[in-house]
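Novice: show me how the following folds:
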Amino acid sequence: MHSLSNTYLGCVAAIGLSIALLAGCAGVPPVTQAATAAVPAQVERLDISVRKPAFGGASFGDVGPYEFVAGVATVRLDPRDPANKRIVDLDRAVSADGWVRYRTDVALLRPVRAQQASGAWIVEIANRGNKLALARLNEGATQFDTQAQAGHGWAMRQGHTLVWVGWQGDVELGAQGRTVGTRFPVATEQGQPMVGTSVEEFIFDDAQTMGKGVLVYPAASLERERASLSVRARPSDAPQPLPATAWRYLSPTEIEIQRPSTADGGAIYQFIYPATAPKVMGLGLSAMRDVVAFLKSGQADGAGQPGPLADLPPRVTVALGISQSGRFLRDFIWQGFNAQPGGGKVFDGAMPVIAGSRKSYVNVRWAQPGRYSRQHEDHYFYGDQFPFSYAVTRDPLTGRSDGIFAGCEAQGVCPRLMHLDSSLEFWQARAALVVSDGEGRATPLPDQVRAYLMAGTQHGPATTPVTGICQQPSNTAEQASLVRGLTARLIEWSRDGVPPPASRYPALADGGLVAATRPATGFPDLAPLGVRFPEVLNELGVMDYGVVPPQENSARRYRVLVPRTDADGQDIDGVRLPDVEVPLATHTGWSLRKAGYTEGDLCSINGTQLAFAPDAAARKAARDPRLSVAERYASREAYLQQVRASAQRLADQGYLLAEDVPRWVAKGEALWQRASAAQ
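Specialist: Numbers count the residues shown, from 1 in each chain. The predicted structure follows:
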């Protein structure tokens with residue numbers, strides 16, 4: 001990061017006006033649909049390098065087999081077009097012919113027989129170049145070589161087409177489509193790569209004496225006197241400078257740190273240095289817009305080659321973004337990129353998953369798209385300032401008015417949107433600000449938005465409960481079946497207008513959002529079990545990004561709330577899947593770091609899973625206030641009956657697919673056996 005005096009931050013971060021009102025900010029035009037003589041962008045070439053059977057040639061019901069297609073799109077962008085002007089530093093990457101060019105990966109999973117396709121395109125926003133969608137939709141894998149990697153094949157049996165387009169500027173072009181990345185130009189000044197100040201943060205979370213840190217941008221100079229390194233235990237502590245002898249450059253993109261003996265494994269190292277060659281990261285927003293629009297058009301590229309989906313025109317196009325990608329998707333909509341060149345929407349529907357109230361660290365100079373604020377890690381990095389909600393609201397701390405939907409509502413291009421969060425997003429991503437204004441007043445959701453809490457889950461479910469640097473085992477509570485069910489509903493809603501299930505998200509009106517204290521939440525006292533309730537959460541103040549490093553105004557902080565819980569410590573509100581509704585353990589969206597790793601701070605994106613005692617005698621001996629397994633369920637059969645009933649209710653209400661009811665019974669059997677084996 002640098003002084004951030006570029007146009008975008010000067011207008012959006014410092015002034016914070018709605019995108020629809022940015023006409024007064026020099027260099028940032030209002031969002032309009034004004035046409036120009038030239039097209040905003042053109043796919044000059046789409047070079048296909050891979051076209052092969054997917055999933056070992058397996059056939060999926062009436063749809064038949066799938067194929068995997070991958071290639072690289074070469075795109076040219078008109079920096080003069082109003083639709084592109086908001087991309088930071090675009091004017092510093094112009095070729096001699098007046099265009100900006102970049103390359104991006106494109107990958108597809110499509111039915112071989114076009115007539116069997118559903119007409120629904122699911123465009124997944126890749127996460128750090130990785131394809132995560134089928135892990136949720138199919139309980140499958142991130143690659144598509146064998147039949148087993150298809151999981152149970154739900155998306156394929158529906159005939160849906162899946163699309164990935166590279167957007168992240170610091171992920172390189174992938175190898176044969178195994179990941180999706182980009183090759184973006186760098187910003188120049190007087191014909192040379194720009195030089196400025198960037199900030200890095202490293203937390204090693206181990207007990208080693210040396211640590212290596214990779215720099216997003218290469219150092220402009222290897223003179224140590226021009227850089228500084230500091231250490232602190234917690235984000236709010238004053239950074240303690242370390243001598244130049246405590247670190248050295250291994251290369252322009254890597255440093256080695258001699259870690260002081262007084263710092264524990266969770267210490268925060270901040271490195272401020274002169275950097276060069278900032279990539280025009282905001283091109284990721286236009287890449288998603290323009291390549292998806294090109295694929296939807298069915299037209300040939302600039303070289304006359306037909307697109308790989310020309311025979312599969314979409315009836316509906318929905319975007320799915322998980323974690324980092326969900327934050328990007330919110331930013332994509334907020335910054336006006338869902339307006340398709342020539343009119344209409346890029347995405348008819350959108351599903352940001354586990355994004356909380358954050359946006360992304362993309363469309364700024366010295367952007368670092370992989371960063372995101374947590375209570376302990378990357379706390380002060382860019383990407384989580386107002387606006388937070390989809391509706392246009394007035395920020396009580398700055399007086400500004402804006403909303404994620406401000407620009408697209410003005411243009412009439414808002415997607416129908418489902419916002420899904422885990423419990424952890426309330427603790428680490430201030431998810432309450434999606435439905436509250438930061439002063440304890442409710443913020444309504446627009447008619448085109450539904451919000452769902454995946455109750456009792458951590459950011460991404462653990463496969464097995466493990467402790468690592470946390471005090472308690474991580475949380476295995478599931479999300480996939482709900483994401484899958486709601487994806488089906490989002491397609492129906494966006495394509496056919498079928499109303500989706502009602503929002504289930506903690507709200508102020510009924511007391512669902514409360515202060516982050518044990519008495520306020522109703523969480524049981526588990527101190528006899530060695531379980532401490534958090535004394536921290538990821539607080540948020542108004543940030544000044546015009547200084548290096550950024551500074552928080554601690555006197556101007558938002559009121560951040562969390563969900564209430566029942567006597568077991570489970571979230572009351574939200575969609576409670578059978579492993580939470582019919583529990584064998586308490587599942588939380590928070591966990592704490594253990595001694596030696598900044599004890600007591602939140603343990604990154606981990607939740608906690610605390611098994612119930614097997615019977616009343618064991619419960620009383622442990623002084624556990626929660627009922628034991630035997631006190632809850634008369635038998636294994638009684639437990640499985642409740643699991644089935646829970647899953648069936650959710651299917652009847654539209655949150656789950658009917659085919660997931662027997663799957664949940666099988667999962668219940670596995671959970672029961674695991675709990676029995678642990679006794």
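Novice: for the stretch 501-650 of the chain, which segments count as helices?
Specialist: In the stretch 501-650 of the chain, the segments counted as helices under DSSP state H, counting those that start in this stretch are 518-521, 578-581, 616-622, 629-632, 636-653.
Novice: which one of these lies closest to residue 302?
Specialist: Taking CB to CB, helix 636-653 is the member of the helices of the stretch 501-650 of the chain nearest to residue 302, at 47.8 Å. Where you see a C-beta, it was placed from the backbone N, CA and C, and this is true even at glycine.
Novice: how about the closest one, which residues are buried there?
Specialist: 639-644, 646-648, 650-651 (16 or more other CB atoms under 10 Å).
Novice: ok, of those, which one's closest to residue 320?
Specialist: Out of the buried residues of helix 636-653, the member with the shortest distance to residue 320 (by CB to CB) is residue 650, at 20.3 Å.
Novice: leaving out sequence neighbours, find the closest residue to that closest one.
Specialist: Nearest residue to residue 650, sequence neighbours excluded (CB to CB, 6 or more residues apart in numbering): residue 656, at 4.3 Å.
Novice: next up, the contacts around that neighbour.
Specialist: Taking CB atoms under 8 Å, 6 or more residues apart in numbering, we find residue 656 in contact with 481-482, 485, 647, 650, 664.
Novice: need these in a markdown table (columns: distance to residue 117 and pLDDT).
Specialist: Formatted as a markdown table, those follow (distance: CB to CB, whole Å; pLDDT from 0 to 100):
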| residue | distance to residue 117 | pLDDT |
| --- | --- | --- |
| 481 | 24 | 98 |
| 482 | 25 | 98 |
| 485 | 21 | 98 |
| 647 | 30 | 98 |
| 650 | 29 | 98 |
| 664 | 29 | 98 |
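Novice: and which of these is nearest residue 421?
Specialist: residue 482 (11.4 Å).
Novice: for the helix or strand harbouring that closest one, packing partners?
Specialist: Here residue 482, judged by DSSP states H and E, is contained in helix 480-496. Where contact means 3 or more CB pairs under 8 Å, 6 or more residues apart in numbering; DSSP states H and E, helix 480-496 is packed against strand 120-125, helix 133-137, strand 316-322, strand 349-353, strand 416-422, strand 449-454, helix 660-678.
Novice: pretty sure residue 614 sits against residue 630.
Specialist: Yes: counting by CB atoms under 8 Å, residue 614 touches residue 630, with 6.3 Å between them.
Novice: looking at this protein, which helix or strand does the model trust least?
Specialist: Here the helix or strand of the chain ranked lowest by mean pLDDT, DSSP states H and E is helix 7-8, holding a mean of 30.
Novice: now the helices for the stretch 201-350 of the chain?
Specialist: Under DSSP H, counting those that start in this stretch, the stretch 201-350 of the chain gives helices at 283-297, 324-334.
Novice: now mean pLDDT too, for these, in TSV please.
Specialist: Listed next are those as TSV, based on pLDDT from 0 to 100:
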stretch	mean pLDDT
helix 283-297	97
helix 324-334	98
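Novice: got a markdown table for those helices, with distance to residue 260 and mean neighbour count too?
Specialist: Compiled in a markdown table, these are given as follows (distance: least, CB to CB, whole Å; neighbours: other CB atoms under 10 Å):
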| stretch | distance to residue 260 | mean neighbour count |
| --- | --- | --- |
| helix 283-297 | 38 | 25 |
| helix 324-334 | 32 | 27 |
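Novice: in JSON lines: these, plus distance to residue 521.
Specialist: Below are the helices of the stretch 201-350 of the chain laid out as JSON lines (distance: least, CB to CB, whole Å):
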{"stretch": "helix 283-297", "distance to residue 521": "38"}
{"stretch": "helix 324-334", "distance to residue 521": "25"}
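Novice: out of those helices, flag the one nearest residue 388.
Specialist: Nearest of the helices of the stretch 201-350 of the chain (CB to CB): helix 324-334, 9.4 Å.
Novice: run the chain-centre distance for the closest one.
Specialist: Distance of helix 324-334 from the chain centroid (CA atoms, centre = their mean, to the nearest Å) equals 8 Å.
Novice: do stretch 649-665 as well
Specialist: That offset, for stretch 649-665, works out to 26 Å (CA atoms, centre = their mean).
Novice: can you check stretch 195-204 too?
Specialist: The answer for stretch 195-204 is 22 Å, by CA atoms, centre = their mean.
Novice: likewise stretch 39-49?
Specialist: On the basis of CA atoms, centre = their mean, stretch 39-49 sits 27 Å off its chain's mean C-alpha point.
Novice: only the buried residues of that stretch, if you could.
Specialist: Buried-residue list, stretch 39-49, by 16+ other CB under 10 Å: 40-43, 46.
Novice: tell me which of these fall in strands.
Specialist: 41-43, 46 (DSSP state E).
Novice: my guess is residue 333 meets residue 414, correct?
Specialist: Yes: if you go by CB under 8 Å, residue 333 and residue 414 touch, sitting 7.3 Å apart.
Novice: between these two, which contacts overlap?
Specialist: 405, 408.
Novice: please parse this structure into its domains.
Specialist: The record assigns the chain these domain ranges, following automatic domain parsing: 7-186+280-496, 195-276.
Novice: out of the ones you listed, deepest packed?
Specialist: domain 7-186+280-496 (a mean of 21; mean count of other CB atoms under 10 Å).
Novice: centre of the chain to it, how far?
Specialist: Per CA atoms, centre = their mean, the centroid offset for domain 7-186+280-496 relative to its chain is 9 Å.
Novice: next: stretch 501-510.
Specialist: Counting by CA atoms, centre = their mean, stretch 501-510 comes out at 21 Å from the chain centroid.
Novice: do me a favour and get the end-to-end distance for it?
Specialist: With CA to CA, to the nearest Å as the measure, stretch 501-510 spans 19 Å from end to end.
Novice: buried residues, it. List them.
Specialist: 501, 503-508.
Novice: tell me the one of those residues nearest residue 460?
Specialist: Using CB to CB, those come closest to residue 460 at residue 505, 19.3 Å.
Novice: what helix or strand does residue 425 sit in?
Specialist: Residue 425 belongs to helix 424-428, assigned by DSSP H and E.
Novice: any chance you could list what contacts that helix?
Specialist: 354-356, 374-375, 431-432, 457-459, 506, 516, 534, 537-538, 561-563, 589-590, 602, 604-607.
Novice: that older thread, nearest to residue 402, out of the helices of the stretch 201-350 of the chain?
Specialist: helix 324-334 (8.2 Å).
Novice: so which residues of the stretch 51-200 of the chain form helices?
Specialist: Assigned by DSSP H, counting those that start in this stretch, the helices in the stretch 51-200 of the chain fall at 133-137, 154-158.
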